[in-house]
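Trainee: Quick one: sequence plus predicted model below, questions after.
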Amino acid sequence: MNTTDLMTEAASLPLEERARLVDSLLQTLNPPPDDSTTAAWLAVARRRLDDMRAGRIEAVPGEAVFEKVRRRLEQ
């Protein structure tokens, strides 16, 4: 079976089955991180949250971040 046939067959599946298929395929592209990576990111997130709550850092609105990225990409 080629990719086109497979995609046609997958598109004919019921919604829940298509969602399960998509989730399964995405997991093959993005395997879950190992426990040490998860623990390290969790420590970073907790530290950043503590810093924000304590007023040591100030949150930047998402739109401001995206606008900065857009300007950089236009150059």
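Mentor: Nice, thanks for sending it over.

Trainee: and the residue sitting nearest the centre point of the chain, how far is that from Asp23?
Mentor: Nearest to the mean C-alpha position of the chain, by Cα atoms, centre = their mean, lies Asn30 at 9.4 Å. Going from Asn30 to Asp23 by Cβ to Cβ, to the nearest Å gives 11 Å. The way it works is simple: take the backbone N, C-alpha and C, and place the C-beta from them, glycine included.

Trainee: do Pro33 as well
Mentor: 17 Å.

Trainee: for Ala59, same thing?
Mentor: For Ala59, the distance to Asp23 - Cβ to Cβ - is 31 Å.

Trainee: cool, Ser36 as well?
Mentor: 25 Å.

Trainee: And for Pro61?
Mentor: From Pro61 across to Asp23, the span is 31 Å (Cβ to Cβ).

Trainee: Ser12 now?
Mentor: As judged by Cβ to Cβ, Ser12 and Asp23 stand 18 Å apart.

Trainee: same deal with Ala39?
Mentor: 24 Å.

Trainee: Okay, domains of this protein per the record?
Mentor: Domains of the chain are assigned by automatic domain parsing as 1-31, 34-75.

Trainee: will you turn these into a markdown table that also has mean pLDDT?
Mentor: Output for these, formatted as a markdown table (pLDDT from 0 to 100):
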| stretch | mean pLDDT |
| --- | --- |
| domain 1-31 | 93 |
| domain 34-75 | 94 |
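
Trainee: Could I get the full set of helices for the protein?
Mentor: All helices of the chain, identified by DSSP state H, fall at 3-11, 15-29, 35-53, 62-74.

Trainee: and the angle from the shortest one to helix 15-29?
Mentor: When axes from the mean of the first three to the mean of the last three Cα atoms, to 10 degrees is applied, the directions of helix 3-11 and helix 15-29 differ by 130 degrees.

Trainee: what packs against helix 3-11?
Mentor: Contacts defined by 3 or more Cβ pairs under 8 Å, 6 or more residues apart in numbering; DSSP states H and E place helix 3-11 against helix 15-29.

Trainee: What residues of the helix it packs on count as buried?
Mentor: The neighbour-count check on helix 15-29 (16 or more other Cβ atoms under 10 Å) flags nothing as buried.
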